[in-house]
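**Q** Fold the following.
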Amino acid sequence: MNLQNMLDAAPSFLWSDGSDVTGLAMTAKLFLLSVVPGLLLAALMAIGQVYGPRPLSWLIRSVTYFFRSTPLYLQLMLIYYGLSQFDVVQLGWQNDQPFWLLFRDATFCATLALVLNTSAYVAQLLAGMMETFPRQEWIAGEAYGMSQWQIIRRLVLPATLRRGIPALNNEMVFLLHATSLASTVTLLDITGVARAFYAATYSPFIPFLMAAALYLLCTFLLIFMFSRAERRWLAFIRRD
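**A** Numbers count the residues shown, from 1 in each chain. Below is the predicted model of the structure:
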């Protein structure tokens, strides 16, 4: 793969192959589509696990255990390929039912797998922090006449998210790297483009080196943004 090949490959690695979104743009799309729903679902699951009734807590622990104990690759295969084996899904496709048609879309399936996997890890992280929320602050909230939900919403959740910024940084980096598995379900993200050029040129070093450089850049930007967030919202516990 010479210099001209690298220049020709640059658009595919960055935004498009001329007909569809590829490369960095596809990776960013998967990440952004996954991060917000993943964090919202994780927060709800953590609250349900810590403050919900025992059956709900047990159910959430079981779900998060499954997604944390099995590889993301297998989860993606089950969603994209496995669900199509069920009659209800096949009938939904044949009848053009909008909900089931979503499972024919590789982007939706990859995003769903990333959301479920990320939410499982982040939920356990947040639940652990919620369980150690200072009892004195909870009592102070009750003294002001707050209900349980108001204490959770106004005190517990903001404090948990603020103190969890360093750990969330790691989880977001893991999520970014996990998007590389989308190439296994026909999506041409950064890794998918590198594999395609490797298959076309039989030269693995340059395409995968370009992919590694893009992941390195994205990881640096994520770490930089979280370090700025730590400076802003964790300044009260920073030692000078």
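
**Q** where do the helices sit along the chain?
**A** Across the chain, reading from the start of the chain, the helices by DSSP state H fall at 3-14, 23-51, 54-69, 72-77, 87-94, 98-101, 106-131, 135-143, 148-151, 157-163, 165-178, 190-201, 205-233.

**Q** ok, and for the last one, which residues are buried?
**A** Buried residues in helix 205-233, counting neighbours by 16 or more other Cβ atoms under 10 Å, are found at 206-208, 210-211, 214-215, 218, 222, 226, 230. All C-beta atoms are positioned from the backbone trio N, CA, C, and that covers glycine.

**Q** if you average pLDDT over that helix, what comes out?
**A** Taken as a whole, helix 205-233 carries a mean pLDDT of 93.

**Q** So what's the gap between that helix and the chain middle?
**A** Relative to the chain's own centre, helix 205-233 is displaced by 15 Å; criterion: Cα atoms, centre = their mean, to the nearest Å.

**Q** Please apply the same query to the fifth one.
**A** Using Cα atoms, centre = their mean, the mean C-alpha position of helix 87-94 is found 28 Å from that of the whole chain.

**Q** Tell me which other helices or strands the helix or strand of the chain with the lowest mean pLDDT touches.
**A** Least confident element among the helices and strands of the chain, by mean pLDDT, DSSP states H and E: helix 3-14 (a mean of 79). Contacting helix 3-14 under the criterion 3 or more Cβ pairs under 8 Å, 6 or more residues apart in numbering; DSSP states H and E are the following elements: helix 23-51, helix 190-201, helix 205-233.

**Q** possible to save those helices as a markdown table with distance to residue 10?
**A** Rendered in a markdown table, the data for the helices and strands packed on helix 3-14 read as follows (distance: least, Cβ to Cβ, whole Å):
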| stretch | distance to residue 10 |
| --- | --- |
| helix 23-51 | 9 |
| helix 190-201 | 10 |
| helix 205-233 | 8 |
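
**Q** Which one, of those, ends up nearest to residue 108?
**A** When the helices and strands packed on helix 3-14 are compared for distance to residue 108 using Cβ to Cβ, the nearest one is helix 23-51, at 8.9 Å.

**Q** Thanks a lot, see you next time.
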